[in-house]
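*Asks:* What follows is a protein structure lacking sequence information:
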């Protein structure tokens, strides 16, 4: 298993977060304001340079108007685990 966070299944998480943010009609700045973080926080995540912990994921999902469970299911459906 690769030790890098760049690529692989992590990229699927990033793609889902970006797609969801855009579908919600939010900019990185707007999302960051909703979760009380700086825009660079979102930028680092979306560039795959920062991992998201579970609590951050829940906050981001809710800020984008999504159920964290539904959003997580979308991430899982795209991972290699789902294809095994």
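*Replies:* Received it, and whenever you're ready, just let me know what you need. The structure presented is a predicted model; accordingly, all values stated were derived computationally and were not measured.
*Asks:* For the protein, which segments count as helices?
*Replies:* Remark: helices assigned in the chain by DSSP state H are 8-23, 28-35, 39-46, 54-63, 68-78.
*Asks:* Need these in a markdown table (columns: mean neighbour count and mean pLDDT).
*Replies:* Placement of C-beta: from N, CA and C, glycine included. Converted to a markdown table, these look like this (neighbours: other CB atoms under 10 Å; pLDDT from 0 to 100):
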| stretch | mean neighbour count | mean pLDDT |
| --- | --- | --- |
| helix 8-23 | 17 | 95 |
| helix 28-35 | 16 | 98 |
| helix 39-46 | 17 | 98 |
| helix 54-63 | 16 | 98 |
| helix 68-78 | 15 | 96 |
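*Asks:* which residues sit in contact with the residue nearest to the spatial centre of the chain?
*Replies:* Central residue of the chain (CA atoms, centre = their mean): residue 17, 3.4 Å from the mean position. Each residue near residue 17 by CB atoms under 8 Å, 6 or more residues apart in numbering is listed here: 45, 46, 52, 60.
*Asks:* Just put those residues in TSV and tack on distance to residue 67.
*Replies:* Below are the contacts of residue 17 laid out as TSV (distance: CB to CB, whole Å):
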residue	distance to residue 67
45	19
46	21
52	16
60	12
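*Asks:* Which of the residues you listed sits closest to residue 28?
*Replies:* residue 46 (7.1 Å; CB to CB).
*Asks:* Okay, the nearest residue to residue 50 once chain neighbours are set aside and residue 75: tell me how far apart.
*Replies:* Once flanking residues are discounted, residue 50 sits nearest to residue 44: 3.8 Å by CB to CB, 6 or more residues apart in numbering. For residue 44, the distance to residue 75 (CB to CB, to the nearest Å) stands at 18 Å.
*Asks:* With residue 13 instead?
*Replies:* From residue 13 to residue 75 the distance is 5 Å (CB to CB).
*Asks:* Likewise for residue 67?
*Replies:* Taking CB to CB, one finds residue 67 at 13 Å from residue 75.
*Asks:* circling back: so, if you compare the contacts of residue 17, which one comes nearest to residue 71?
*Replies:* Among the contacts of residue 17, and counting by CB to CB, the member closest to residue 71 is residue 60, at 8.2 Å.
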